[in-house]
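Participant: here's my sequence, what's the structure:
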Amino acid sequence: MARDNILLSYILVDILFVLSGGLLIGFALITETEAKSVPTISTVARDLLFVRCPLNAAVGNAVMVFVTFLISVPAMVMPTTRGWLKFHGYMTVVCALFTMIIGLDIWFDTLKTRKNLALVWKQQPATSQSLLQQEVCYFTMLNCCGYLNSTSPPFVVDTTCPNALVAAARVGCVGPFSVFANGFLDLVFTGAFGIVGIDVALVLSTAMLLKNRKEKERYRHIDEKNGTGAL
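Facilitator: Model (predicted):
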């Protein structure tokens, strides 16, 4: 019964592992589609942050997860094999490192949010900057004009910032935009680290199953020497 429980635990964690791969590729594909859509007041900031996420790396990671899961199939259906199981364990470690690198890349990005967002802001057309001025107001309940302030870089004239006098009385968008970006990216890299946790659990389950099969093989050899192998 204990041996069955070890195999069952391995299978359950392996299923969670392949589901995490589905989550990765689903996030990447949906994100790419959303980022290519026409920006609106409610989506422009999110879409700009989506573009900065390593989406191609996430797709590559997901493909590696699916391949690793397929490697685990013969390890599950052949109860005495250890070669496939070892190979699966090594591949799981590679997947964990890959996902961790993606999470760390996004985390490092949050350490220099203001610098990165300044470049993002400058690259946007006036229409997108106007939407950002309005969306940042929506998320933080504050009005803002320009990036650092109304003159650096210059604000975009819209309903939030209709003239220089009104714009000068409002804060720059760097503060609320950075708060929104950090909160958003925190969720993304926390999710990546959560997937790494599943990978680690699978590595531990694989090690337990390997040990169990090694002991089972040793007892089988002992039985063969004692002439009870047929039993």
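
Participant: run through who's touching stretch 77-88.
Facilitator: With contact meaning Cβ atoms under 8 Å, 6 or more residues apart in numbering, stretch 77-88 is reached by 7, 68, 71-72, 74-75, 206, 209-210, 213-214, 216-217. Using the backbone N, CA and C atoms, a C-beta is placed for each residue, glycine as well.

Participant: among the residues you listed, which are located in helices?
Facilitator: Applying DSSP state H to those, the entries found in helices are 7, 68, 71-72, 74-75, 206, 209-210, 213-214, 216-217.

Participant: start and end of stretch 43-63, how far apart?
Facilitator: Using Cα to Cα, to the nearest Å, the end-to-end distance of stretch 43-63 comes to 28 Å.

Participant: low pLDDT regions in this structure?
Facilitator: Scanning the chain for pLDDT under 70 picks out the ranges 1-3, 136-142, 219, 221, 223-224, 227-231.

Participant: need the residue closest to the centroid of it.
Facilitator: Taking Cα atoms, centre = their mean, the centroid of the chain lies closest to Ala192, which sits 3.5 Å from it.

Participant: what's the distance between the residue nearest to it when sequence neighbours are not counted and Leu148?
Facilitator: Nearest-residue entry for Ala192: Gly103, 3.3 Å, with adjacent residues in sequence omitted and distances by Cβ to Cβ, 6 or more residues apart in numbering. Between Gly103 and Leu148 the distance is 30 Å, computed by Cβ to Cβ, to the nearest Å.

Participant: just Phe17 next, same as before
Facilitator: Distance, Phe17 to Leu148, using Cβ to Cβ: 45 Å.

Participant: same thing with Phe98?
Facilitator: 37 Å.

Participant: the two: which has the busier surroundings?
Facilitator: Neighbour totals were compared for Phe98 and Leu148, and Phe98 leads with 20 against 15 (other Cβ atoms under 10 Å).

Participant: run through the residues that contact the more buried one.
Facilitator: For Phe98, the contact set (Cβ under 8 Å, 6+ apart) comprises 57, 60-61, 64.

Participant: now it: which helix or strand?
Facilitator: Per DSSP states H and E, Phe98 falls inside helix 83-111.

Participant: quick check: buried residues in that helix?
Facilitator: 84-85, 88-89, 91-93, 95-96, 98-100, 102-103, 106-107, 109-110 (16 or more other Cβ atoms under 10 Å).

Participant: thinking again about what came up before, and the contacts of stretch 77-88, which are buried?
Facilitator: Using 16+ other Cβ under 10 Å, the buried members of the contacts of stretch 77-88 are 7, 68, 71-72, 75, 206, 209-210, 213.

Participant: what sits up against stretch 180-195?
Facilitator: Stretch 180-195 is contacted from outside by 20, 23-24, 45-46, 49, 53, 99-100, 102-104, 106-107, 109-110, 113, 117, 136, 139-140, using Cβ under 8 Å, 6+ apart.
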